[in-house]
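Colleague: take this sequence and fold it.
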Amino acid sequence: MDLETLNKHYPVSTEIKVKWGEMDAFQHLNNTVYIRYIEDGRIDLLEKLGMSSDMKSFNIGPILASIQCDYLAPVTYPDTIIVFSTVTQTGVKKIELEHKLWSIQQNCLVAKGLGIGVYYDYKALKSCAIPSFIADKLAALTAI
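Modeller: Next up, the predicted model:
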């Protein structure tokens with residue numbers, strides 16, 4: 001997969017500069033930092049879709065149920081990582097978030113992540129159906 005393809009198929013890209021203090025004793029990016037980078041991409045994606053404002057207005061929104069990360073290449077300082085993110089509705093209450101992490105310095109994919117989100121009613125403290133206006137946004141995003 002190349003940078004042009006990623007830009008075409010992923011509606012959100014988040015650029016993150018690798019910090020010296022994010023490296024571990026083995027002199028590469030600590031494994032937990034990739035998860036934080038994926039979180040940054042996820043938040044940017046949810047904001048683009050208006051889900052964060054919907055959470056404030058309606059007290060419902062996605063909650064992360066599962067996260068996984070496959071590490072493809074070590075990252076070292078200095079570098080800039082681009083997190084490419086997309087989301088699809090995979091059930092009445094469920095969304096799947098896909099992320100690809102691209103290293104500018106290495107000019108390649110260095111990790112890929114997958115998150116499962118469940119739509120959640122924060123007032124009732126239980127899962128709920130994805131509202132139709134959000135489902136429409138997700139369907140439009142998938143059509144890109």
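Colleague: which elements pack onto the top helix by length along the chain?
Modeller: Secondary structure of the chain per DSSP state H: the longest helix is helix 31-48. For helix 31-48, the packing partners by 3 or more CB pairs under 8 Å, 6 or more residues apart in numbering; DSSP states H and E come out as strand 12-17, strand 60-71, strand 80-89, strand 94-103, strand 108-121. Yep, even glycine has a C-beta here, placed from its N, CA and C like the rest.
Colleague: center of the protein, which residue is that?
Modeller: The chain has R42 as the residue nearest its centroid, 3.1 Å off, counting by CA atoms, centre = their mean.
Colleague: the closest residue to that one other than its chain neighbours bridge partners, please.
Modeller: Distances taken as CB to CB, 6 or more residues apart in numbering place L97 nearest to R42, at 5.6 Å, with adjacent residues excluded. Counting by DSSP bridges, L97 forms beta bridges with V87, G115.
Colleague: distance check, L97 against L114.
Modeller: From L97 over to L114 the distance is 7 Å, taken as CB to CB, to the nearest Å.
Colleague: between those two, which is the more surrounded one?
Modeller: L97 (22 against 14; other CB atoms under 10 Å).
Colleague: S132: which of the helices and strands packed on helix 31-48 is closest?
Modeller: S132 lies closest to strand 80-89 among the helices and strands packed on helix 31-48, at 11.0 Å (CB to CB).
Colleague: tell me the angle that closest one makes with strand 60-71.
Modeller: Interaxial angle of strand 80-89 relative to strand 60-71 (axes from the mean of the first three to the mean of the last three CA atoms, to 10 degrees): 130 degrees.
Colleague: next, the angle from strand 80-89 to helix 31-48.
Modeller: Calculated by the same axes, to 10 degrees, strand 80-89 forms an angle of 60 degrees with helix 31-48.
Colleague: picking up where we left off before, right, and the residue nearest to the centre of the chain touches G115 too?
Modeller: Yes - here R42 reaches G115: they are 6.3 Å apart, a contact under CB atoms under 8 Å.
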